[in-house]
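# When you get a sec, could you give me coordinates for this:
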Amino acid sequence: MDIGGFQKNSLIDFPGTIACVLFTRGCNFTCPYCHNPDLAARTAVPCGGGSSGLNQLNSSRSDNADQKKIFEFLDKRKGMIEGIVITGGEPTLQADLTDFIQTVRQMGYKVKLDTNGTAPRIIDALFDLGLLDYLAMDIKTDIDHYPMVMKNPGHLDRVMESISLIMAKAPAYEFRTTCAKPFVTPDIMKNIGRMIRGAASYVLQPCSRKVDLLDPNFAAVDDHFLNADDMAALKSAVLPFVENTRIR
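Numbers count the residues shown, from 1 in each chain. Here you go, the predicted model:
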């Protein structure tokens, strides 16, 4: 695993679970408002797609020393921490993601995965192996506007496939959108609502300009950022499609 950071405890990242948070490096998106630019900047290297999809992408490096320290930490914290959140970057770019999760599960921990949904075969295999307790998928915008943030717009169909898989197979899940213009407007939100119609949970979170962003110039434009009334309008636009929509 190409590990970019590790948070020893969190009460908010894994619903109902005291967890630690593992950050992986590398992302196949270029969202200008990304709050983890150091993680997103390191790009994973494709190595072909196997039949299972689990070795579809290979990380740019592996840090076994970091993994060993994390396993040692988890071993010492049994009974105090209940789960681990694997986020990024984009975790499904890690070739050894499945092996890592299997080890964590064998230690007795729950697992939450954060993903952008571009690796449905990997997600499907993790579900079939019973390795995930919770999955959070970022919905960036509607289908027409996704090419604005994807390094490979040819993978757009994978996003829709992942949405269907998650709604059909995830033990527990949420979709979520970081809200910033021009990627989200009330009309775009209606289209997103149609994409995830009937979802169990949808979370809207306003984009912050008080952190380092992947594109520093993005923070300089006032119109990119939404106030409370704007967020309420977005929620109203999607409520007819996803009843359990909330602002975080």
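
# give me every residue that touches the residue lying closest to K181 once chain neighbours are set aside.
Spatially, and ignoring its direct neighbours in sequence, K181 is nearest to H224 (5.3 Å; C-beta to C-beta, 6 or more residues apart in numbering). In this view, the C-beta of every residue, glycine as well, is placed from N, C-alpha and C. Contact analysis of H224 by C-beta atoms under 8 Å, 6 or more residues apart in numbering lists 33, 180-182, 207, 209, 218.

# just those now: which is nearest S201?
Checking the contacts of H224 against S201 by C-beta to C-beta gives C207 as the nearest, at 19.9 Å.

# Surely that closest one and P182 touch.
No. The criterion here is C-beta atoms under 8 Å, and C207 misses it with P182 at 11.8 Å.

# Those two: who's more crowded?
It is C207, of C207 and P182, that has more neighbours when counted by other C-beta atoms under 10 Å, with 23 against 11.

# low pLDDT regions in this structure?
Applying pLDDT under 70 to the chain picks out residues 41-65.

# can you map out the strands along it?
Here the chain has its strands, by DSSP state E, at 3-10, 19-24, 45-46, 57-58, 83-87, 110-115, 134-138, 173-179, 202-206, 245-247.

# Quick one: closest of those to Q67.
Among these, the nearest to Q67 by C-beta to C-beta is strand 3-10 (7.0 Å).

# What are the buried residues along that closest one?
With burial defined by 16 or more other C-beta atoms under 10 Å, the residues of strand 3-10 counted as buried are 3-5, 10.

# that older thread, and the contacts of H224, which of them are buried?
33, 180, 207, 218.

# Show me which pair in the residues you listed is furthest apart.
The span of the buried ones among the contacts of H224, defined through C-beta to C-beta, is set by C207 and F218 at 8.7 Å.

# got any residues that touch both of those two?
With C-beta under 8 Å, 6+ apart, C207 and F218 have common neighbours 33, 180, 224.

# show me what contacts Q67?
1, 3, 100.
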